[in-house]
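**Q** After the sequence you'll find the predicted model.
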Amino acid sequence: MFYFLSQFREAHFGFNIFRYITFRTGMAAFTTFVLCVTVGPLIIRKLRKMKVGEVAKRDDCPDLDQFQNAKEGTPTMGGLFVVGSIVISVLLWGDLGNHFVLLTLFTCVYLAVLGWVDDYYKLKGIGRRGLTKRTKLLWEILLGCFIGSYVYFNPTTSTQLDMPFLKDAIISLGWLYIPFVAMIVIGTSNAVNLTDGLDGLAIGCVLVVSITLAILSYITGHIKFSSYLFIPFIADAGELTVVCSAIVGASLGFLWFNCHPASVFMGDTGSLSLGGTLGVLAVLIKKELLLVIIGGVFVIEAVSVIMQIISFRVWGKRIFKMSPFHHHLQLSGWPESKIIIRFWILAVIMALLALTTLKIR
């Protein structure tokens, strides 16, 4: 909304400030943080009054109950004010004429609704654990195919993959790009969801990833920076910096309440939405492959679950005491705070490694 005030810069030079991405990026982060910190307590009290609390008991791993019992009854579905603050901030500070901004907003809300239904089903005891895996997978595939189709059929976008560490190596997937994007949406949304098992773990890593994507979005949308670094220039990508900064502010605002010991959990409402949105952001700025490095912590968590399932079904044995990997570390005697901080450190290291690929080509 404020972006359109820049059209009146001829009437007064002060309106010109709303044209700059850097200014709106900072304000978007500030807005989401303030919204989360001010509205958060109201929503947390409302959720507590409605008894929308975490069910900590795990039938599949009773040994974990000794760590999780303290979390019993903690309000969940805090993703409502995370996603809400992001949407409001982007509507205020983003260029709503930018198709990339609209796509990411759609993704954010779409997956938030899907996650909310899943959380609601769990709390109401509809189904053993909320929506069935097939149902969630179907809706995620539909979203991924929609985003992939948009990129494939839009003449201003590309289905070519930019290869990290290599200057001139480009892979063109053609129509296969559509299922490829669907895999990214499924993978990122569920990876963040799997990581969201300890206080502040997932949202701290989301914070690091969103800062990294904000830097990459700005560089990708800047013709001089992108040409200097030999990465594809995408004119509309710069505006995604505002979206990324909104996620940064929301992450900091939610971490205010989600740090150990957590006052609220974001539930699937937040984790599915944030994960899928980060995936789509990477798709739109052509950093699909680099996302594996940027979101290294989420990859580790997801791969640990896959390895555990394959090992148990094929050999009848478990590789880890429990998956995702952070629960294995818990059962191995690691304090929760140590796991969280070390995963955050790993997320920062992976983000820095990803940024170095801009020059190592």
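**A** Arrived safely. None of these values were measured; they are calculated from a predicted model. Residues are numbered from 1 along each chain as shown.

**Q** make it CA atoms for all contacts and neighbour counts henceforth
**A** Will do.

**Q** Do a quick rundown of the helices in this structure.
**A** Shown for the chain, the helices assigned by DSSP state H span residues 21-49, 65-68, 79-93, 99-124, 133-153, 177-195, 201-220, 223-228, 240-258, 267-284, 291-294, 296-315, 325-331, 336-356.

**Q** what does the fifth one contact?
**A** Here helix 133-153 makes contact (Cα atoms under 8 Å, 6 or more residues apart in numbering) with 103, 107, 111, 114, 157-159, 174-175, 177-186, 280, 284.

**Q** Go again with 7 Å.
**A** The contact list for helix 133-153, computed with Cα atoms under 7 Å, 6 or more residues apart in numbering, reads 157, 158, 159, 175, 177, 178, 179, 181, 182, 185, 186.

**Q** Kindly supply the ChimeraX command isolating those of the residues you listed that are buried.
**A** For anyone working in ChimeraX, the buried entries among these, judged by 16 or more other Cα atoms under 10 Å, can be selected with:
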select :157,158,159,177,178,179,181,182,185,186
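
**Q** of all the contacts of helix 133-153, which comes closest to residue 84?
**A** Each of the contacts of helix 133-153 was scored against residue 84 by Cα to Cα, and residue 185 proved nearest at 20.4 Å.

**Q** pLDDT wise, what is the closest one at?
**A** The predicted structure scores residue 185 at 96 on the pLDDT scale.

**Q** excluding its backbone neighbours, what's nearest it?
**A** The spatial neighbour of residue 185 that comes closest, neighbours along the chain excluded (Cα to Cα, 6 or more residues apart in numbering), is residue 276 at 5.1 Å.

**Q** sorry, back to before: could you dump the helices of the chain to CSV with distance to residue 15?
**A** Compiled in CSV, the helices of the chain are given as follows (distance: least, Cα to Cα, whole Å):
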stretch, distance to residue 15
helix 21-49, 12
helix 65-68, 52
helix 79-93, 13
helix 99-124, 22
helix 133-153, 33
helix 177-195, 38
helix 201-220, 22
helix 223-228, 24
helix 240-258, 18
helix 267-284, 29
helix 291-294, 36
helix 296-315, 41
helix 325-331, 49
helix 336-356, 34
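
**Q** how about the ones you listed, which one is nearest residue 4?
**A** Each of those has some distance to residue 4 by Cα to Cα; the shortest is helix 79-93, at 9.3 Å.

**Q** and the closest one, what other elements does it pack with?
**A** Contacts defined by 3 or more Cα pairs under 7 Å, 6 or more residues apart in numbering; DSSP states H and E place helix 79-93 against helix 21-49, helix 240-258, helix 267-284.

**Q** out of those, nearest to residue 121?
**A** Closest approach to residue 121 among the helices and strands packed on helix 79-93 is made by helix 267-284 (11.1 Å; Cα to Cα).

**Q** For this structure, give me the ranges with low pLDDT.
**A** When the per-residue scores of the chain are filtered using pLDDT under 70, the ranges that remain are 5-6, 8-13, 53-70, 72, 126-128.

**Q** just to revisit the earlier point, closest one to residue 168 among the helices of the chain?
**A** Each of these has some distance to residue 168 by Cα to Cα; the shortest is helix 223-228, at 12.6 Å.

**Q** who touches residue 175 in this structure?
**A** With contact set as Cα under 7 Å, 6+ apart, residue 175 has these partners: residue 152.

**Q** run the last query once more with 10 Å
**A** Listed by Cα atoms under 10 Å, 6 or more residues apart in numbering, the contact partners of residue 175 are 148, 149, 152, 153, 159.

**Q** And it, how far from residue 46?
**A** Going from residue 175 to residue 46 by Cα to Cα, to the nearest Å gives 47 Å.

**Q** for residue 151, same thing?
**A** In this structure, residue 151 and residue 46 are 40 Å apart, going by Cα to Cα.

**Q** Show me which of these two is the more surrounded one.
**A** When neighbours are counted by other Cα atoms under 10 Å, residue 151 comes out ahead of the other of residue 151 and residue 46, with 19 against 13.

**Q** so how many other residues sit close to residue 1?
**A** 13.

**Q** what's the closest non-adjacent residue to it?
**A** residue 92 (4.7 Å).
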